[in-house]
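1. Model the structure of this input:
(chains A and B)
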Amino acid sequence: MKVVEVREQVRPPLKRCVELVLSGIKYRIFRAAITVAIIALAVAFLMTMLSESLITRRVAEAIDIETAPRRLLQFWVGRLSTAPDPQQLNEILAGLTAGSDRWNEIATWGKLDESQLAHLVQVAKKQQVYMAFFDKLTEEDPRRLADRRRGEDIFAGFVDETRSQGDSVQLREKELAALEKNIGLVVERFPASFEEFKAFLREWHATRGHRTTIIEAHKRAIANLTKPGGLLYNRRPTEFLATADADALKGLASENIGFRLSAAELETIRREAALSVDADRIQHALGSAMLKAMLAKRRGEDVSKANAQMLFQELQSADGAKFFVELTDKTKDLKLQILTVERIQAAAILAMQLAARRAPGAAAADPTLLRDAESLRKIVSAPLIREEFAKHKRLEDSEVTPDVVLEEISKQDKEGNREGATWLSQLLGRITPMEPLGLPVQRVQEVAKTSLAKSRLAQTEASVAQTATRAGFMGFSSRTIWLLVVSFGVCVVGIANAMLMSVTERFREIATMKCLGATDGFIMLSFVLESCMQGVVGSAMGLALGFVLGMLRTWAMYGRIAMEHMPALGLLVAGGVSLGLGILISALAAVYPAWVAARLAPMEAMRIE
Amino acid sequence: MGTPHGHEACESIMSDSVNKTADKGKAERPVIIRTRKLKKAYKMGEVITEALRGIDVELYRGEFICVMGPSGSGKSTFFNMVGGLDSPTSGRVFIDEVDVAQLNAIELAFLRCRKIGYIFQTYNLVQYMTALENITVPMAFAGVSTDESRERGMSLLDVVGLKDWWFHKPIEMSGGQQQRTAIARALANHPSVLLCDEPTGNLDLKTGAEIHKLLKRLNEERNVTIICATHDHRLISMADRIMWIRDGMIERLADRRDVTVETGAIGGVEDE
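-> Numbering: from 1, shown residues only, chains lettered A, B, ... in the order given. As a prediction, the model looks like this:
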């Protein structure tokens, strides 16, 4: 007969249980440390992947924002240059929002009212969907579905042109029947029912006229802009936009053109365009061999390495910018009308005489010679010429003064060779004078800095584009997900193994506990709890490690921008998830060993061996 | 002292007609453990081994009984049966009139916690706990509050003479001290029975003697039944009754008075 009192058997309160387990862990700290390390590694891996993914996304967003002005400029330059082709127009239509500037432009161009345009947009959206379907087909037999046609031709192929008129559209039933039959062969699901597709084809054909009208209107608008007297006559769109003002806006929006640009957008575009134009002009200077040589000398690099990047780097500093401005401003002085060598020599003689204030003689009566003499003096004063002369004569820079050069040029030896003058003539032939920029030093610096920043941004953009657009959960490739699963699986097995070893070693202790009144449930709980505690510690460590690693990796991949944009909330959530997963797998791993421990018979405690 | 805690009224049923008075004139003595046709068989692969082949015995409350037998005799199996550590294949075991075979796992745990104290040859103390903590573990399982546990634990340590050693871990204590701690632990919840499996097997003669004295003292002062499996003749000489088990059956069950305990002498040297 059972004794009623048995109802009272208790499990010790959780607190006691926790205390017991904790002292047990302290005793077996090394074994516990191994388990903790296993969990930490697995969680660190997960957290690294998560933080990388999150940070990359945030960086991508930031880059989007920073490159928005450039993209806006490119957009406008594009549309002021060419009208879209039918495929591009379709994309534009599909993305139209009612009431926006684009909406109004297209409504005007296509001479459409609200409802017509709305309908057109609907058709465009459907077209996108069907196009996506046909695009996903590979080159193999499914292409047969559209008979290897591409783009809009896919749809055109299903329409019988000759028998269609206006709103009444005749479809090629045979081709459509073949399509319907073959649809089932393709893995990709056809996005709609076949009846819907037919209805779409009719709509599509009926609205073709509108689309053509829009494209034509756009083309006309551009033509009106680029004809003589137009805003873009003889000007590249970028140059136009760099100096566009309110009047330009009005001109763009005028009736036979129809571009709508808001003043706020214009502000952004203008700034961007001006930078682009100035950067181009600065870069253009690299066409001069002289500049390249001087740039390379200043940077201490080989002249073959002189490029736009180096130029902009040099121009960032006030010093470098000043040098550049002076150089470009001054080369105009180096322009010399085409003179013969004799003329150069004669001019040199005159220049020396003038300098010595000697009576020039008959030569001075020639005003052109006088002018040439003055030009020549300016030329020989230029640092570049003096440098070249020093090299030529193997003298020190300091030994070369303008007079020294002039003297050399004025010489003529007994055979009639004018070595000095010949040298100068050849030198000047090599130098391409640069157009003066007309830019103040500060502007040059600004342009240089911005250009460098843009190219850095472009590099980051390229590396981000690879990772951020990857499909799949959190941007993880299926390979990454597989690796994660495997790592957690290994973790579980490792922990279970360590725990089983522990149970085997502790058989006497467990059995004794049972003799003292521990229930099977208590034993199981204490083992699972032990594992969970190790899981908490391990996960916390792994979390921190993973976060740091993720940050370091993104910093290495993207540079400083990764540090500046931290998705705090997302990372917190990721941390929570990693922690939770870590604890979960440690608990799971402990279940089997705990069960083995719970099943141990108390009489094992009696065993002597 | 020997009364279990939280005891509510229970009904006892004498399922068999065995008469208590069948034993040697001790008809009034209450029975603490009773077995009827106790059988236990183990299946090891294909082979079935009968460890116990029908044991009928009654053990009285407050008795000091020693169980002897060669290895393989079923002595350990009998121990496990009466200690609530294992269930019989057939037959019954009543501990305090409770049929052990009827109890589920949780009820068995209760039994082990409150009714029976265990003392092992290898002490089986928890290595990472102090002496006091070791003693209070069964109290935790019995739901005793922390304060009361400490109080009771300290007084138990005093009983076994280890009051100043309460904060030491087993590794810091000698074998004798560890066994005394184990005894104190066994007494934690005022059990009716103390089950000792070779308690002095790992101890030297002098320390062993101390343990023997302690056990006898506890038996007399607290009226707690002590069941010992042992070969130590000094312990045997302290017992009230002695039981021999051979081949799974009780070979002999005798009062101490009816038995002479001698040790063999080697070359004329006799031990104490």
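2. For the helix or strand harbouring A:S53, name the packing helices and strands.
-> Applying DSSP states H and E as the criterion places A:S53 in helix A:29-81. In this structure, helix A:29-81 makes packing contacts with helix A:208-226, helix A:237-242, helix A:263-284, helix A:441-468, helix A:478-505, helix A:520-558, helix A:561-564, helix A:568-598, judged by 3 or more C-beta pairs under 8 Å, 6 or more residues apart in numbering or on different chains; DSSP states H and E. Bear in mind the C-beta positions are built from the backbone N, C-alpha and C, glycine included.
3. Can you tell me the SS state at the residue of chain B found nearest chain A?
-> Among residues of chain B, the one nearest chain A by C-beta to the nearest C-beta turns out to be B:C113. It sits 2.5 Å away. The three-state label for B:C113, taken from DSSP: H, G, I helix; E, B strand; the rest coil, comes out as helix.
4. domains for chain A, by residue range?
-> According to automatic domain parsing, chain A is divided into the following domains: A:4-65+A:475-606, A:86-216, A:289-331, A:336-430.
5. for the shortest one, what is the average pLDDT?
-> With pLDDT averaged residue by residue, domain A:289-331 scores 81.
6. tell me the SS of B:I226?
-> Going by three-state DSSP, the secondary structure assigned to B:I226 is strand.
7. I figured it hits B:P191, correct?
-> No. B:I226 sits out of contact with B:P191 when judged by C-beta atoms under 8 Å, with a separation of 10.5 Å.
8. Does whichever residue of chain A sits closest to chain B lie in a helix or a strand, and which?
-> In chain A, the residue found nearest to chain B is A:G517; the distance is 2.5 Å by C-beta to the nearest C-beta. Counting by DSSP H and E, there is no helix or strand that carries A:G517.
9. Can you check the pLDDT for residue 90?
-> Unless you meant another one, I'm taking chain A. Reading off the model, A:N90 has pLDDT 89.
10. wrong chain, I was asking about chain B
-> Reading off the model, B:S90 has pLDDT 89.
11. So the residue lying closest to it once chain neighbours are set aside, which state does it fall into?
-> For B:S90, the nearest residue in space outside its immediate sequence neighbours is B:K39; the separation is 4.5 Å by C-beta to C-beta, 6 or more residues apart in numbering or on different chains. Look at B:K39: counting by three-state DSSP, its state is strand.
12. what's the burial count for the residue of chain B closest to chain A?
-> Residues near B:C113, counting by other C-beta atoms under 10 Å in any protein chain shown, number 29.
13. wait, what's in contact with it?
-> Contact analysis of B:C113 by C-beta atoms under 8 Å, 6 or more residues apart in numbering or on different chains lists A:Q9, A:L516, A:G517, B:P138, B:F141, B:A142, B:N189.
14. got TSV for the residues you listed, with pLDDT too?
-> Compiled in TSV, the contacts of B:C113 are given as follows (pLDDT from 0 to 100):
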residue	pLDDT
A:Q9	56
A:L516	90
A:G517	87
B:P138	92
B:F141	89
B:A142	89
B:N189	92
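15. of these, closest to A:I583?
-> For A:I583, the nearest member of those is B:F141. The distance, counting by C-beta to C-beta, is 27.1 Å.
16. give the contact list for the residue lying closest to that closest one once chain neighbours are set aside.
-> Distances taken as C-beta to C-beta, 6+ apart place A:G517 nearest to B:F141, at 3.5 Å, with adjacent residues excluded. By C-beta under 8 Å, 6+ apart, the contact list for A:G517 reads A:Q9, B:A109, B:F110, B:R112, B:C113, B:R114, B:P138, B:F141, B:A142, B:N189.
17. Which stretches in chain B count as strands?
-> According to DSSP state E, chain B carries its strands in the segments B:31-44, B:47-60, B:64-68, B:90-95, B:98-99, B:116-119, B:193-197, B:225-229, B:241-246, B:249-255.
18. any chance of the ones you listed in TSV, plus mean neighbour count?
-> Formatted as TSV, those follow (neighbours: other C-beta atoms under 10 Å in any protein chain shown):
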stretch	mean neighbour count
strand B:31-44	18
strand B:47-60	17
strand B:64-68	22
strand B:90-95	20
strand B:98-99	19
strand B:116-119	26
strand B:193-197	25
strand B:225-229	24
strand B:241-246	20
strand B:249-255	14
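19. Among these, which comes closest to A:A351?
-> The nearest among the strands of chain B, by C-beta to C-beta, is strand B:116-119 at 122.5 Å.
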